[in-house]
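Peer 1: With the sequence up front, the predicted model follows.
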Amino acid sequence: MSAIAILMDEHRLIERVLGSLETLAVEVESGRPLERPVVADYATFFREFADACHHGKEEDLLFARMVERGFPRESGPIGVMLFEHNVGRQRVAALRGIAEAPGDVGAAERQLFLDSSLEYIPMLRQHIHKEDRILYPMAAKVLVPGELDRLESEFEAFDRQLRQSGALDRLRGTADALAARFRPDSARMAAAGEAGICGV
């Protein structure tokens, strides 16, 4: 699998979990009790897979190569992607705070969960769309085949370490469990996808 295909495949998994989180948020808005262990699973997946694993590949490997090819790190498309990564980390940190607090989830925490989730979901969907449709094609144009081959090897080595520790299988299992427990509404997801495309 090519380096770009690896990243896009990870995007599809992240989108599944975003759809699941959206389903949970809608149910919580309708009165479903919010359970800390469930919030913990989402926070763990987004922190360890979407950020440490996926964004780690982008920031430490892909973006670094693009900067070497003349893309500015602090502005332009890479600057925007890095800014959005940081915004996402803030939203996930809020979820983690809720997950780690003691006792039952109170009204203020429910609202924080909803606010953080309902800001994070469309932001990350649009972020993924911009990477798939704009940034990755730019990378494919400016990086020579040898560089893309090296990136592919580096991505595979990155994943090999996670697989050997059991972390990758654990995180993918968490994603599958969340997607199965809180199944996304396909019509709502389609509408959200269309809104994301128009919003780019």
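Peer 2: Right, received. Where do you want to start? As the structure is a prediction and not an experimental result, all values here were calculated from the model. Residues are numbered from 1 along each chain as shown.
Peer 1: SS state for Gly31?
Peer 2: coil (DSSP: H, G, I helix; E, B strand; the rest coil).
Peer 1: so where's this protein shaky on pLDDT?
Peer 2: 185-200 (pLDDT under 70).
Peer 1: Excluding chain neighbours, what is closest to Pro169?
Peer 2: Just to correct that, residue 169 is Asp rather than Pro. The shortest distance from Asp169 to any non-neighbouring residue, by CB to CB, 6 or more residues apart in numbering, is to Arg163 (6.8 Å). C-beta coordinates here come from the backbone N, C-alpha and C atoms, glycine included.
Peer 1: Count the residues that sit near the one you found.
Peer 2: Using other CB atoms under 10 Å, Arg163 has 13 neighbouring residues.
Peer 1: dump the residue contacts of the residue most central in space within the chain.
Peer 2: The centre of the chain sits closest to Ala50, judged by CA atoms, centre = their mean, with a distance of 3.9 Å. By CB atoms under 8 Å, 6 or more residues apart in numbering, Ala50 lies in contact with Ile14, Val17, Gly88, Val92, Leu124.
Peer 1: Go again with 7 Å.
Peer 2: By CB atoms under 7 Å, 6 or more residues apart in numbering, the contact list for Ala50 reads Ile14.
Peer 1: Which other helices and strands does the host helix or strand of the residue nearest to Asp169 contact?
Peer 2: Using DSSP states H and E, the element containing Arg163 is helix 145-165. With contacts taken as 3 or more CB pairs under 7 Å, 6 or more residues apart in numbering; DSSP states H and E, helix 145-165 sits against helix 3-29, helix 167-181.
Peer 1: Buried deepest among those, which one?
Peer 2: Mean neighbours per residue, mean count of other CB atoms under 10 Å, is largest over the helices and strands packed on helix 145-165 for helix 3-29, with a mean of 19.
Peer 1: could you check the angle helix 145-165 makes with that one?
Peer 2: 50 degrees (axes from the mean of the first three to the mean of the last three CA atoms, to 10 degrees).
Peer 1: Remind me what helix 3-29 packs against, helices and strands.
Peer 2: helix 107-130, helix 136-142, helix 145-165, helix 167-181.
Peer 1: what would the helices and strands packed on helix 145-165 look like in a markdown table with distance to Ile78?
Peer 2: Below are the helices and strands packed on helix 145-165 laid out as a markdown table (distance: least, CB to CB, whole Å):
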| stretch | distance to Ile78 |
| --- | --- |
| helix 3-29 | 14 |
| helix 167-181 | 26 |
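Peer 1: closest one to Arg150 among these?
Peer 2: Arg150 lies closest to helix 3-29 among those, at 8.5 Å (CB to CB).
Peer 1: next SSE after that closest one?
Peer 2: Past helix 3-29, the next helix or strand by DSSP H and E is helix 36-44.
Peer 1: Alpha carbons only: can I get that next one in PDB?
Peer 2: Output in PDB follows, covering the C-alpha atoms of helix 36-44 (Å, rounded to 0.1, in the frame of the first residue of the first chain):
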ATOM      1  CA  ARG A  36     -17.400   7.900  31.600                       C
ATOM      2  CA  PRO A  37     -15.900   4.600  30.300                       C
ATOM      3  CA  VAL A  38     -17.500   5.200  26.900                       C
ATOM      4  CA  VAL A  39     -16.100   8.800  26.800                       C
ATOM      5  CA  ALA A  40     -12.700   7.200  27.800                       C
ATOM      6  CA  ASP A  41     -12.800   4.900  24.800                       C
ATOM      7  CA  TYR A  42     -13.400   7.800  22.400                       C
ATOM      8  CA  ALA A  43     -10.700   9.900  24.000                       C
ATOM      9  CA  THR A  44      -8.200   7.000  23.800                       C
END
